[in-house]
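Need coordinates for the following:
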Amino acid sequence: MPIYEYECLDCSKESGFLVLRKEDERQITCLHCGGKRLKRLISRVAYHMSEGDRLEAYDPSAPQTGDFYRDSRNIGLHAKKRAQQLGVDLGSSFETKLEKLRSNPASVLDDKG
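You can find the predicted model right below:
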């Protein structure tokens, strides 16, 4: 469902609205001042990469930025890529452990086994 962002031409503040039909757009008003003179903004777009796409694009020999290490989805990416390159199957227990670490990275400190 599209959420559109608008700039109020009266107070210059931005507001976001869920717009299901084009007709609904005429009924929205600024959340800050109640103004009706709104201009639709071009919003940022998010692109979702699948695990397979990320694995395919990952180069283990390339240097990584700090952002790479802050993203928990990258936990285990290096091991998976190297295993893929070597033709090794790390098994379902490896995948299960990765999912646990990605959802709660601190869990590795609590895990005894």
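
How are the helices of the protein distributed by residue range?
Assigned by DSSP state H, the helices in the chain fall at 51-57, 66-70, 77-86, 92-103, 107-110.

In space, what's closest to residue 51 - neighbours in sequence excluded?
Spatial nearest neighbour of residue 51, excluding adjacent residues (Cβ to Cβ, 6 or more residues apart in numbering): residue 73 at 8.0 Å. Just so you know, the C-beta spots here come from the backbone N, C-alpha and C atoms, and that holds for glycine as well.

Quick check: residue 74 touching residue 68?
Yes: counting by Cβ atoms under 8 Å, residue 68 is a contact partner of residue 74 at 5.7 Å.

returning to that earlier point: can you say which of the helices of the chain is nearest to residue 17?
The closest of the helices of the chain to residue 17 is helix 66-70. By Cβ to Cβ, the value is 30.6 Å.

What average pLDDT does that closest one get?
Taken as a whole, helix 66-70 has a mean pLDDT of 86.

Contacts for it next, please.
By Cβ atoms under 8 Å, 6 or more residues apart in numbering, the surrounding residues in contact with helix 66-70 are residue 74.

Report the distance from it to the chain centre.
Between the centre of helix 66-70 and the centre of its chain there are 14 Å (Cα atoms, centre = their mean, to the nearest Å).

And for stretch 18-31?
26 Å.

How much space separates residue 96 from residue 76?
11 Å (Cβ to Cβ, to the nearest Å).

Same drill for those two, tell me which one is more crowded.
Counted by other Cβ atoms under 10 Å, residue 96 and residue 76 do not tie: residue 76 has more neighbours, with 18 against 10.

ok, residue 35 - how many residues close by?
16.

so what are the domain limits for the protein?
3-40, 51-110 (automatic domain parsing).

Mean pLDDT lowest where, among those?
domain 51-110 (a mean of 87).

Let's see the distance spanning that one from one end to the other.
26 Å (Cα to Cα, to the nearest Å).

Next: stretch 51-65.
19 Å.
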